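Colleague: Generate coordinates for the sequence data below:
(one chain, ligands or ions: 1)
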Amino acid sequence: MQKKVIAVHDISCVGRCSITVALPIISAAGVECSIIPTALLSTHTGGFTGFTFLPLTDEMEKITAHLKTLGRPSDAVYTGYLGSPDQIGAAKEIIKGLMKDGGAAIVDPVMGDGGVLYSGFDHRMVDGMRELCAEATVIMPNITEASFLLGQDCPTLEPTVGDETENILKALAGLGAKAVVLTGVYSPNGDIGAAYYDPVTDETGYVFEKKHPGFYHGTGDVFGSAFTAAYTLGAGLAGATEAAVVFTANVVKLTSEENDDKKYGPVFEPALGDFARDMAKLRKI
Ligand code: PXL
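Modeller: The predicted structure is shown next:
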């Protein structure tokens, strides 16, 4: 039976992130992707001015109530950018009411980057995300989000291999999730990737790929979508982290080579073919 994911993110009409990234990437993996939009924006909030913003809190609740009547639970719920802290309850209800028993609640606590919270977010969103992380199977913050979740000053914007990163992973696991992935981790020789921690086995691992220049909004959503697809297909924590790091590195390379304004988001489309072939191997077809 084909695997099913519900992606709970905003719709930013322009600037490839959130649902406009999750849908094509998860679909390319051969996984059915339904959506529950959290907000409607003309663009994302990083680098554009004058964007429109409509939170969809009431709609999320109504959509969830209707989808429950379909009796078609999903294998995973993948949450990302929420329109307001009032949506934490709605996100929890989606996990509780629309996911199979034993399904994967994959929570990307999208709140900030570069040491600061995104436009419009404050401590209420941090407190809410901390609550949502407690319900998760896997959480995947970057170092900025990890620091806010743990209520500590960001120790560095470039975490690397070693005790400091491993202590952060363990502290994050203390929030209640079954597994943790920290994105944006550097190897000693300057490669970039992610670190993961499984509190059940006490296993920590790192996956790195060559770093390409630049910083691009939406890259976290590329990583999260690829991770969600691979994890739902049974790749496991290490395998899904590997798949997500490889795909994200390909996307960042393409984005760095593209002569376009970077705020229009990651150039992921040309990398979908290779990703689809890798995911087909996981589906064993
Ligand atoms: O990619 C994260 C993200 C998602 N959605 C919106 C955003 C951002 C980051 O800035 O603004 C609306």
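Colleague: Tell me the secondary structure at the residue nearest to the spatial centre of the chain.
Modeller: By Cα atoms, centre = their mean, the mean C-alpha position of the chain lies nearest to Gly224, the distance being 3.3 Å. Of the three states, Gly224 takes helix under DSSP: H, G, I helix; E, B strand; the rest coil.
Colleague: same thing with Leu132?
Modeller: Assignment for Leu132 (three-state DSSP): helix.
Colleague: who's in contact with Lys92?
Modeller: Lys92 makes contact with 131-132, 135, according to Cβ atoms under 8 Å, 6 or more residues apart in numbering. No exception for glycine: its C-beta is placed from N, CA and C like everyone else's.
Colleague: tell me which element it is part of?
Modeller: In this structure, Lys92 sits in helix 88-98 according to DSSP states H and E.
Colleague: related to what we said a few turns ago, buried only: go through the contacts of Lys92 for me.
Modeller: Taking 16 or more other Cβ atoms under 10 Å as the criterion, what is buried in these is 132, 135.
Colleague: can you pull the contacts of Leu272?
Modeller: Contacts for Leu272 (Cβ under 8 Å, 6+ apart) come out as 24-25, 28.
Colleague: Looking at these, which one is closest to Gly80?
Modeller: The nearest member of these to Gly80, counting by Cβ to Cβ, is Ile25 at 12.3 Å.
Colleague: That closest one and Thr248, how far apart?
Modeller: Distance from Ile25 to Thr248, counting by Cβ to Cβ, to the nearest Å: 10 Å.
Colleague: where's the nearest residue to Lys100 once chain neighbours are set aside relative to Met1, distance?
Modeller: Counting by Cβ to Cβ, 6 or more residues apart in numbering, Lys100 lies nearest to Pro73, which is 4.4 Å off, once chain neighbours are set aside. Per Cβ to Cβ, Pro73 is found 12 Å from Met1.
Colleague: sorry, back to before: surely the residue nearest to Lys100 touches Lys96?
Modeller: No - judged on Cβ atoms under 8 Å, Pro73 makes no contact with Lys96 at a distance of 10.7 Å.
Colleague: quick revisit: neighbours around the residue nearest to Lys100, how many?
Modeller: Counted by other Cβ atoms under 10 Å, the residues lying close to Pro73 total 16.
Colleague: next one: Pro159
Modeller: 22.
Colleague: who touches it in this structure?
Modeller: Counting by Cβ under 8 Å, 6+ apart, Pro159 makes contact with 143, 165, 168, 182, 184-186, 195.
Colleague: SS state for the closest residue to it other than its chain neighbours?
Modeller: Distance criterion Cβ to Cβ, 6+ apart; nearest residue to Pro159, sequence neighbours excluded, is Thr165 at 4.6 Å. At Thr165 the chain is in helix, as set by three-state DSSP.
Colleague: Next, find the distance separating Thr165 from the ligand.
Modeller: Counting by Cβ to the nearest ligand atom, to the nearest Å, the separation of Thr165 from the ligand is 22 Å.
Colleague: One more: Leu41?
Modeller: Distance of Leu41 to the ligand, computed by Cβ to the nearest ligand atom: 5 Å.
Colleague: Backbone dihedrals for that residue, please?
Modeller: Phi and psi for Leu41, reported as degrees, to the nearest 10, are phi -130, psi 150.
Colleague: Contact partners for it?
Modeller: Leu41 sits next to 10-13, 51-54 when contact means Cβ under 8 Å, 6+ apart.
Colleague: How confident was the prediction at it?
Modeller: Looking at Leu41, its pLDDT reads 98.
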